[in-house]
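[1] Coordinates for the following, if possible.
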Amino acid sequence: MPLTKESYPHFNRSFNPEYLGVRRDVSQIMLSAAKGDLATLKKHFEEEGEAELSKKNREGNTLLIMAVANQHIGVVEFLVEQKADLFQKNRYGLDAMDFAAMYGIRSPILKLLMNNCLYVVPECPDGSFWKHCNGALTQLTNDRVYFVKTSVIGKTPPIVQARMENRKDEAVTKWLASVSYFMSCVKHGMLLLSSDIGYLEGDALAGGCLEVPADKRFVYVAERNQIVPYAYALRSRALYASVIEDRVLQGCIDNNPVCVLSLLRARVSPEVQDLQGSSLLMHAARRGSTEAVRCLIESRAKIADSNQNGYTPLLLAAVGEHGETVRLLLRMKANPLQTTYKGITVLAAVKHEGLKDIEQIIAEEQLRGKDRPTRMFAPGPRKK
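    Just a heads-up that it's a prediction; the model follows:
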């Protein structure tokens, strides 16, 4: 949950000027920051120089943290202009961004700090994403690349589950609205830190990365120490293009709908094929992965395409005895009378194999199609 005054121990004694004024560990310049006395602060700063920016009291609080905690926007703006470190932490592991967040993500003081950040870094559950990110975070911090973590808006909701169940979740909607607000405040957008393509699967989807428009997503390539646009990273054969195609193909083969969904939403083409000409939709249908099939069709995968033997997704699902997948494909206008290169239809193949249940499903869906009304009203007279 976001930080609040109640969750911070001894908030008043740590930041209230009345208490700070009698403490020996609090300098005059620090007291000026806590009071919001910008004129005195500037005078002290001219005398003491930049050395005061990094000084801490016994709680580890800096000038910037003092000013942020007491909501002195003018002082905060001055300190940021003087290159105060937004991410210097106190003894409780909290920085200026954390204290700004306690007043709400739309507070002027948090927006001021976010305006000085280049990217938003998503908070994700433990997994492949964060295993590859620690080194990148350290490198970027050393290079003074400022970023804000989405953790300031609270725990990431279960986005994967909400999306796979095809339902709107209020917590997800609210969280994504907050992420969108972040996007409008920072200078560039969402920064994905791992150069391992694995981040595109469960972690990235769970962290909301893929909910951000593609033109606002960037990738840090550790091997090059470069930040590149996300779309470029996906198109470049030197980076991710061939790897991502292999992963989505393997996701269909392994019956892993979460992988397929996340990679499709990461803008991978639904028309990827293996060396034998079998498409993603064919592999998903062969394994009976109804969710993956649904995702592929929604991404406009070609339902009538066939492989080098003339086998269609519907035929592969039917002979595999995957009834739900067959039903879905038929409702998406797959043709049970489409033939293979040897002239065998799906219906003929099902009858030959003695698959009564699949034959029944095809009959039901054909009857359902015939019973569907085409028009409720007769057309009116044509205008001359």
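[2] The most centrally placed residue in the chain: what's it in contact with?
    With distances taken as Cα atoms, centre = their mean, Cys209 lies nearest the centre of the chain, 1.5 Å away. If you count contacts by Cβ atoms under 8 Å, 6 or more residues apart in numbering, Cys209 has them with Pro122, Met190, Leu192, Tyr199, Arg217. C-beta: built from backbone N, CA, C; applies to glycine.
[3] Equivalent analysis for Glu298, please.
    By Cβ under 8 Å, 6+ apart, no residues touch Glu298.
[4] For the residue nearest to the centre of the chain, which non-adjacent residue is closest in space?
    Computed as Cβ to Cβ, 6 or more residues apart in numbering, the closest residue to Cys209 that is not its neighbour in sequence is Pro122, at 5.2 Å.
[5] Could you check the pLDDT of the one you found?
    If you check Pro122, the pLDDT there is 85.
[6] How many residues are close by it?
    27 (other Cβ atoms under 10 Å).
[7] just the one 10 residues further on next, same as before
    By other Cβ under 10 Å, the residues close to His132 number 17.
[8] about what we covered before: mind putting the contacts of Cys209 into JSON lines with secondary structure?
    As requested, the contacts of Cys209 are exported to JSON lines (DSSP: H, G, I helix; E, B strand; the rest coil):
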{"residue": "Pro122", "secondary structure": "coil"}
{"residue": "Met190", "secondary structure": "strand"}
{"residue": "Leu192", "secondary structure": "strand"}
{"residue": "Tyr199", "secondary structure": "helix"}
{"residue": "Arg217", "secondary structure": "strand"}
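[9] Minimum pLDDT in those, which residue is that?
    Taking the contacts of Cys209 together, the minimum pLDDT is found at Tyr199 (74).
[10] Identify the residues contacting that one.
    Ser128, Phe129, His132, Leu192, Leu193, Cys209.
[11] of all those residues, which two lie farthest apart?
    Spatial extent of these (Cβ to Cβ) is set by the pair His132 and Cys209 at 14.0 Å.
[12] how about the helices in the stretch 151-300 of the chain?
    In the stretch 151-300 of the chain, the helices defined using DSSP state H, counting those that start in this stretch lie at 159-164, 170-185, 202-206, 230-235, 241-253, 257-265, 280-287, 290-298.
[13] Single out the most deeply packed of those helices.
    Mean neighbour counts were taken over the helices of the stretch 151-300 of the chain using mean count of other Cβ atoms under 10 Å, and the top value, a mean of 27, falls to helix 280-287.
[14] angle of it against helix 241-253?
    Per axes from the mean of the first three to the mean of the last three Cα atoms, to 10 degrees, the angle that helix 280-287 makes with helix 241-253 is 30 degrees.
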